[in-house]
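Chemist: return atomic coordinates for the entry below.
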Amino acid sequence: MHRICAAGRGAGKNSYDIVPGKPHKSILSFRMQTNDPGIAMPELGREQVHKEGVKLIKEWIKEMKE
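Modeler: Take a look at the predicted model:
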């Protein structure tokens, strides 16, 4: 697991950037699923959520070993 380096709303209720096997607990997938300018990742040029990209990242995290 990678410990968060940022604070605030960008982490949601999550404590780690990536939690192997658990995309729902990972900051990375949380930030990719919103278009809120203070949370979204990437921060610039976001008007909509890239659903295929989010799905790909979630699958990648799910396949990681704990």
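
Chemist: where do the helices of this protein begin and end?
Modeler: With DSSP state H as the definition, the chain shows helices at residue ranges 27-32, 51-63.

Chemist: could you measure residue 51 against residue 58, distance?
Modeler: For residue 51, the distance to residue 58 (CB to CB, to the nearest Å) stands at 11 Å. The C-beta positions use only the backbone N, C-alpha and C, and glycine is treated the same way.

Chemist: the two: who's more crowded?
Modeler: The residue with more neighbours, out of residue 51 and residue 58 and counting by other CB atoms under 10 Å, is residue 58; that gives 18 against 10.

Chemist: you'd agree that one is up against residue 29?
Modeler: Yes: at 5.4 Å, residue 58 and residue 29 qualify as touching, with contact defined as CB atoms under 8 Å.

Chemist: what do those two both touch?
Modeler: Common contacts of residue 58 and residue 29 (CB atoms under 8 Å, 6 or more residues apart in numbering): residue 23.

Chemist: the helices of the chain: which one's closest to residue 16?
Modeler: Ranking the helices of the chain by proximity to residue 16 (CB to CB) places helix 27-32 first, at 6.6 Å.

Chemist: tabulate the CA atom coordinates of that closest one in PDB.
Modeler: Coordinates of the C-alpha atoms in helix 27-32 are reproduced here as PDB (Å, rounded to 0.1, in the frame of the first residue of the first chain):
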ATOM      1  CA  ILE A  27      -7.700   7.200  -3.500                       C
ATOM      2  CA  LEU A  28      -6.700   6.800  -7.200                       C
ATOM      3  CA  SER A  29     -10.000   5.300  -8.200                       C
ATOM      4  CA  PHE A  30     -11.900   7.700  -6.000                       C
ATOM      5  CA  ARG A  31     -10.300  10.700  -7.700                       C
ATOM      6  CA  MET A  32     -10.800   9.300 -11.200                       C
END
